[in-house]
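Undergrad: Could you work out the structure for the sequence below:
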Amino acid sequence: MMQDACSYEYNLDDTFFQSIDAPDIRKGKLHANVNIRKLAGNFILDFHIVGTAVVPCDRCLDDVGIAVDTINTLKVKFGICFSDEEEWVIVPEEEGYIDLSWFLYEFIELSLPMQRVHESGECNQEMMTVLHQHLCVEEDESLASDSGQVSEYDTIDPRWNGLKKILDNN
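TA: Down below sits the predicted model:
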């Protein structure tokens, strides 16, 4: 079986994320290496993406940089019309090319953690103060420990203690 291979490198910066109108990733600085292998009319694309993606912090909404190091594979073959619903991405034969930009974005997005927050104490303190004024949380929860200090807003609202008595009676 004949195997042809080639490699491409892409630098993904703020302009990349703006040009594809990325919904979650605001900016970043990443390097993508794409190796393409041709196997009997099909193509196997191996992606290795390394760098930092900048997303809004789930807590304070300021930008937070998250390290990315992901390896992904995309299988491509020619067909009648475009499809990416199965194991294979099908590219129309008359077009003969595939735009990798959205696949690159998705691989980066899927490599990010579910909770995207600053390290403890690094959140925007002004936003954290406003947040604490509107939330009542227990002392051991991450919002209370973010500043490292316990405030008057870190205790449970006494009205909830009355409802807890109902649970204890069951």
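Undergrad: Strands of the chain, residue ranges please.
TA: Under the criterion DSSP state E, the chain contains strands at 3-12, 27-39, 42-56, 63-79, 88-92.
Undergrad: tell me which residues of the longest one are tucked away?
TA: Across strand 63-79, burial judged by 16 or more other CB atoms under 10 Å covers 64, 66, 68, 72, 74, 76. Every residue, glycine included, has its C-beta placed from N, CA and C.
Undergrad: try the shortest one
TA: Residues of strand 88-92 classed as buried: 89-91 (neighbour count, 16+ other CB under 10 Å).
Undergrad: want to try a markdown table for those, with distance to Tyr97 and pLDDT as columns?
TA: Formatted as a markdown table, these follow (distance: CB to CB, whole Å; pLDDT from 0 to 100):
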| residue | distance to Tyr97 | pLDDT |
| --- | --- | --- |
| Val89 | 12 | 86 |
| Ile90 | 13 | 82 |
| Val91 | 7 | 84 |
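Undergrad: Now tabulate the residues you listed in CSV and tack on distance to Asn124.
TA: Shown next, in CSV, are those (distance: CB to CB, whole Å):
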residue, distance to Asn124
Val89, 40
Ile90, 46
Val91, 45
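Undergrad: Averaged pLDDT, stretch 27-46. What do you get?
TA: In this model, stretch 27-46 has an average pLDDT of 93.
Undergrad: contacts for it?
TA: Contacts to stretch 27-46, defined as CB atoms under 8 Å, 6 or more residues apart in numbering, come from residues 1-14, 16-18, 47-54, 63, 65, 68, 71-78, 88, 100, 104, 108.
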